[in-house]
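Student: Here you go, sequence then predicted model.
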Amino acid sequence: MGRFPTYVVTMLALDLLGVSLAAGLLPPDAVTQTYALGLTLVAAPVVAYWLVYREGFERFQLGRLLGRSESEANDGGRTDADEPNRD
């Protein structure tokens, strides 16, 4: 998938997440919900742009979150003992 479709899907997912969190955490007041919706609709495109076009997704790789180095994350943590014998 290209960058623009990824951007659109990420933005829609962030919008859905923001509206869901606002509905669940904020009081059911129409004014408060409107402010939360406005904030979500302004913030989601900015965050989606950072995640897709500024390599934000690469910064949140699982290996980095677990404290592994780049080389360990790329090879899946395999060692020489895991290699099959090639005779």
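Tutor: It's in.
Student: Against residue 45, how distant is the spatially most central residue of the chain?
Tutor: Residue closest to the mean C-alpha point of the chain, counted by CA atoms, centre = their mean, is residue 57 at 5.8 Å. Per CB to CB, to the nearest Å, residue 57 is found 16 Å from residue 45. Glycine gets a C-beta too; all of them are placed from N, C-alpha and C.
Student: Name the helix or strand for residue 6, please.
Tutor: According to DSSP states H and E, residue 6 maps onto helix 3-25.
Student: What are the buried residues along that helix?
Tutor: Of all the residues in helix 3-25, those buried under the rule 16 or more other CB atoms under 10 Å are 7, 10, 11, 14, 15, 18, 19, 22.
Student: What is the subsequent helix or strand relative to it?
Tutor: Heading C-terminal from helix 3-25 (DSSP H and E), you reach helix 30-53.
Student: after that following helix comes which helix or strand?
Tutor: helix 56-59.
Student: what residues does that following helix touch?
Tutor: For helix 56-59, contacts defined as CB atoms under 8 Å, 6 or more residues apart in numbering pick out 50, 51.
Student: Next, count neighbours for residue 41.
Tutor: If you count neighbours by other CB atoms under 10 Å, residue 41 ends up with 14.
Student: Distance of it relative to residue 6?
Tutor: The value you get for residue 41 to residue 6, if CB to CB is used, is 19 Å.
Student: Tell me who's in contact with the closest residue to residue 11 other than its chain neighbours.
Tutor: Using CB to CB, 6 or more residues apart in numbering and skipping residues adjacent in sequence, the residue nearest residue 11 is residue 48, 3.9 Å away. Going by CB under 8 Å, 6+ apart, residue 48 touches 7, 10, 11, 14.
Student: Could you list the low-pLDDT ranges of this protein?
Tutor: 62-87 (pLDDT under 70).
Student: how does it look with 90?
Tutor: Within the chain, the segments meeting pLDDT under 90 span 1-3, 50-87.
Student: And for the helix holding residue 6, what's in contact with it?
Tutor: So helix 3-25 is contacted by 1, 33, 36-37, 39-41, 43-45, 47-49, 51-53 (CB under 8 Å, 6+ apart).
Student: Which two among those are spaced furthest apart?
Tutor: Spanning the widest gap among the contacts of helix 3-25 are 1 and 33, at 32.4 Å by CB to CB.
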